[in-house]
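In: Just a sequence and a predicted model for now, questions to come.
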Amino acid sequence: MNPLEVMDLGYEYSEKKVLESISFNVRPGEILGILGPNGCGKTTMLKNLNRNLSPHKGCILLDGTDLEEMHKRDIAKRIASVPQSNEIRFAFTVREMVEMGRMPFQEAFRGNSSEDERIVDESMELTGISGMSDRLINTMSGGERQRVIIARAIAQSPEIILMDEPTLHLDINMQFEVLDLVSDLAKRKGLTVIIVSHDLPMVARYCDRMILIHDRTVYAEGTPEEILTPENMRTVFNIDAKFEIDERGMRTVRLFGACPRR
């Protein structure tokens, strides 16, 4: 069974349709990219996938159960999110931030169990931040904060991680480090990862499969080779671009420039 199924999803803001007749499956253990230009509804889609928003039409099934019928606490035990912004104004330590990932599993007014502590330790080790435990997160660089947010998501022990533009504010070297980390964790822990992005070269490199959003619905679905055609990139992004395999055997997209306006 596919862990997450989107069925005829529709969503609108103030009667303006943003998503319409969206249907696709998310496969176990894959890295799925949801692509489209700014303003096409990608973030709205992600917020529906973790029930921060509720569909106006259709439904989203988690192992066959409608998210609308599930308690948010139960959803949080299975779906974790890495938001677009990692700005944090409060002076939490790194460990305190990662421990927040255990909140869905804790009873009120009870602290961390020994199992919670073990999972937090493992999450910090997996993301390479064990030596930063006592640092204040609001003093850290963007790349360091992103690792902490990913560690917090992993500490939820989820089956699925949703990532909204995870490299948006990072230096180019940190973009590769963060997505290398996510790809490695997906393989090692069997996680399903859904990445929302408009960064074509990055998603070409890391995603197993893609959903292309255009005109409020799914325009195309398939592997990077199938989706990132010159025709699709002209239609959806208004750019001249070409999918390639580079000299190291890595998938990428070469960008030539904007298409002439008609």
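Out: Thanks, I have it.

In: Now do the contacts for D8.
Out: Counting by C-beta atoms under 8 Å, 6 or more residues apart in numbering, D8 makes contact with 21-23, 57-59. All C-beta atoms are positioned from the backbone trio N, CA, C, and that covers glycine.

In: Go again with 6 Å.
Out: Taking C-beta atoms under 6 Å, 6 or more residues apart in numbering, we find D8 in contact with 21, 23, 58.

In: Quick check: can you name the pairing partners of the helix or strand it falls within and their directions?
Out: Element membership of D8, judged by DSSP states H and E, is strand 4-13. Strand pairing for strand 4-13, determined by DSSP bridges: strand 16-26 (antiparallel), strand 57-62 (antiparallel).

In: Give the buried residues for the shortest one.
Out: In this case it means strand 57-62. Neighbour counts over strand 57-62 (16 or more other C-beta atoms under 10 Å) mark 58-62 as buried.

In: nearest to V193, of those residues?
Out: Closest to V193 out of the buried residues of strand 57-62 is L62 (15.6 Å), distances taken as C-beta to C-beta.

In: Leaving out chain neighbours, which residue sits closest to the closest one?
Out: Distance criterion C-beta to C-beta, 6 or more residues apart in numbering; nearest residue to L62, sequence neighbours excluded, is L4 at 6.0 Å.

In: Same question for T192.
Out: Spatial nearest neighbour of T192, chain neighbours left out: I160 (4.6 Å); criterion: C-beta to C-beta, 6+ apart.

In: Can you give me the neighbour number for the one you found?
Out: Counted with other C-beta atoms under 10 Å, the neighbours of I160 add up to 22.

In: how close does it get to E96?
Out: Distance, I160 to E96, by C-beta to C-beta, to the nearest Å: 24 Å.

In: Appreciated, that's everything.
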